[in-house]
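> Okay, here's the prediction I keep looking at, along with the sequence it came from:
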Amino acid sequence: MEKHDLLHEFPEYQEKIHELKVSDAHFRKLFDEYHETEHQIHRINMGSEVANDNFLHELKSKLLFLKDELYAHLNK
């Protein structure tokens, strides 16, 4: 199962991700929420956690929204 953590999604921003996690509380909150959601989706896909299709779709939509928000912060 492919991982979608931010360092895999945006390897070119690794240094900036670290800087923003330390210096920007809002970025850190989005980052933590992204990773929590990504891990939950991964657990569902691996069968470790059970969820219906609607809930999984909502989680994936949330993940994309958070990814867009984080990307916007990385490009400021």
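Nice, thanks for sending it over. Given the structure is predicted, the values throughout are model-derived calculations rather than measurements.
> now stretch 64-76: how far from the chain's centre is it?
Mean C-alpha position of stretch 64-76 versus that of the full chain (Cα atoms, centre = their mean, to the nearest Å) differs by 10 Å.
> what about dumping the CA coordinates of that stretch to CSV?
Output of stretch 64-76 as CSV, limited to C-alpha atoms (Å, rounded to 0.1, in the frame of the first residue of the first chain):
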residue,chain,number,x,y,z
LEU,A,64,-6.9,16.3,-0.3
PHE,A,65,-8.2,19.5,1.2
LEU,A,66,-5.5,19.4,3.9
LYS,A,67,-2.9,18.6,1.3
ASP,A,68,-3.9,21.6,-0.7
GLU,A,69,-3.8,23.8,2.4
LEU,A,70,-0.4,22.6,3.3
TYR,A,71,0.9,23.1,-0.2
ALA,A,72,-0.3,26.6,-0.2
HIS,A,73,1.7,27.3,3.0
LEU,A,74,4.8,25.7,1.4
ASN,A,75,4.5,28.1,-1.5
LYS,A,76,4.2,31.3,0.4
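> Quick check: buried residues in that stretch?
For stretch 64-76, burial by neighbour count (16 or more other Cβ atoms under 10 Å) applies to 66-67, 69-70, 73. For every residue, glycine as well, the C-beta is placed using N, CA and C.
> so how far is stretch 47-67 from its chain's centroid?
Per Cα atoms, centre = their mean, the centroid offset for stretch 47-67 relative to its chain is 11 Å.
> Mind listing what's buried along it?
So, applying 16+ other Cβ under 10 Å, buried residues of stretch 47-67: 59, 62-63, 66-67.
> middle-most residue in the protein, spatially?
Centroid-nearest residue in the chain, with Cα atoms, centre = their mean: Tyr34, separated by 2.8 Å.
> The closest residue to it other than its chain neighbours and Lys21: what is the separation?
Once flanking residues are discounted, Tyr34 sits nearest to Leu66: 4.2 Å by Cβ to Cβ, 6 or more residues apart in numbering. Leu66 sits 14 Å away from Lys21 when distances are taken as Cβ to Cβ, to the nearest Å.
> ok, now Phe27?
Separation of Phe27 from Lys21 (Cβ to Cβ) stands at 7 Å.
> Brilliant, that's me finished.
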